[in-house]
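K.L.:
I would like to see how this sequence folds:
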Amino acid sequence: MIANEIREKINSKGASVIRKMFEEGIVLKKQYGDDNVFDFSLGNPDLDPPAEVVNAIQELAKDTSHGCHGYMPNAGYPETRTAIAEKISQEQGLKLSGNNVIITVGAASALNCVFKAILNKDDEVIVPAPFFAEYRHYVSNHLGNLIEVPSKEGFNLDIEAIKSKLSEKTAAILINNPNNPTGKIYSEADIKALAEALNENGDRTGRYPYLICDEPYRAIVYDGAKVTPAFQYYKNAVVVSSFAKDLSLPGERIGYIAINPQSDEPDEFIKAATFALRVLGCVNAPAFFQKVIAKSWNAKVDYSSYRNRRDKLMAILDNAGIEYYRPEGAFYLFCKVPEKFNGDDMAFCDYLKKYLILGAPGNGFGGKGWFRLAYCVSEKSIVNSEKAFVKAMTEL
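P.N.:
I've put the predicted structure just below:
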């Protein structure tokens, strides 16, 4: 018999809201044809992996040397850890070594390992809302409590509201930068203010929470925007990320954890997170793709097609009369539910399905009254969706 707790989580508002829409899209496409269904539900990047990645795959696939598919240290191949340390060093402006890095089974694995390593029962993790829906489950997996703090207008961090939630029970603050579902990039001023608030909490309570930066969209930015390097402003900062979005490798499940070497106990953190990777059942990240990434992590990618698709979809929504937040990064539009629906984002998403438009309700992201459209779909699908959007809004 399935455990009651799992039954409750499966049926909760945050459980698989994105996947539910994605799976409904598969059914609708079989019924109406792929070109007639406009599926903006899932953040599944449709760019092909860059040539450097493909070349590394082809080269490494020829390796038949003894033991090439065997176990390695749980934290990953030393050469892969060193390569990712170089990547983070460039991004953060602070020198890391391979000993500050763990290779994980995607960013989801990375987050679960971090929470397993740092959370005691009933510890709290603060997250600015809206946020990636699965965060609720990642924290509860390890007996912690997720504390949702609504963001200010424009999805800026509400530093004063965050301060009011900080206490001796605060183990971490988790930010997704650029943010899913909004595409917001937090300003340098916000990151500095957040670091000051965390230091004040540490001085007051003796506990300096971790600042966990979830950054799988770091490279996908628009209009000259940049992601602030948190390591420069807060010593107990951690980066978790993957190559799912920037190199279009979501199915290969390759990610990493990087700890600020200036943190209070970097070696103990790495030991704890490595132990967590093992006991959570991952054991180690896939051997083959650790080798691929070591050779191709710095591949050059042209993200201009995402910017073009963003602009086309914004123009369509403008024409249809749907309001949205203009994203600075990632590949999502977070849109306001029309007034007629009184903030009921699920009802509006169900309404859009009648016009074969699939989006994700904002409630699952902690953003009631909004809905998310993922524009990492074909440009053809975006262009062809205009009549459906206009018709849906006209017939309201």
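
K.L.:
got the contact list for residue 372?
P.N.:
By Cβ atoms under 8 Å, 6 or more residues apart in numbering, the contact list for residue 372 reads 40, 181, 332-335, 359-360, 362, 365. To be clear about C-beta, it is placed using only N, CA and C from the backbone, and glycine gets the same treatment.

K.L.:
could you report the pLDDT at it?
P.N.:
For residue 372, the model assigns a pLDDT of 97.

K.L.:
kindly report the same for the one 10 residues further on.
P.N.:
Residue 382 carries a pLDDT value of 98.

K.L.:
confirm for me that it is in contact with residue 313.
P.N.:
Yes. Between residue 382 and residue 313 there is a contact at 5.3 Å, judged by Cβ atoms under 8 Å.

K.L.:
between those two, which is the more surrounded one?
P.N.:
For residue 382 versus residue 313, the count of surrounding residues by other Cβ atoms under 10 Å is larger for residue 313: 26 against 21.

K.L.:
the helix or strand containing that one: what's the following helix or strand?
P.N.:
Per DSSP states H and E: residue 313 is located in helix 304-320. Once helix 304-320 ends, the next helix or strand along the chain (criterion: DSSP H and E) is strand 324-325.

K.L.:
any idea how far that next one is from the chain center?
P.N.:
Put simply, strand 324-325 sits 19 Å off its chain's centre (Cα atoms, centre = their mean, to the nearest Å).

K.L.:
I'd like the average pLDDT over it.
P.N.:
If you average the pLDDT over strand 324-325, you get 98.

K.L.:
adjacent strands (with direction) for it?
P.N.:
Strand 324-325 has these partner strands in its sheet, going by DSSP bridges: strand 332-336 (antiparallel).

K.L.:
in the partner strand, which residues are buried?
P.N.:
For strand 332-336, the neighbour count (16 or more other Cβ atoms under 10 Å) marks 332-336 as buried.

K.L.:
just the buried positions in stretch 262-270, please.
P.N.:
263, 266, 269-270.

K.L.:
out of those, which is nearest to residue 206?
P.N.:
Comparing the buried residues of stretch 262-270 against residue 206 with Cβ to Cβ picks out residue 263 as the nearest, at 15.8 Å.

K.L.:
what are the phi and psi angles of the nearest residue to that closest one once chain neighbours are set aside?
P.N.:
In space, and not counting its chain neighbours, residue 263 is closest to residue 236: 4.8 Å by Cβ to Cβ, 6 or more residues apart in numbering. Residue 236 adopts backbone torsions of phi -90, psi 50, taken as degrees, to the nearest 10.
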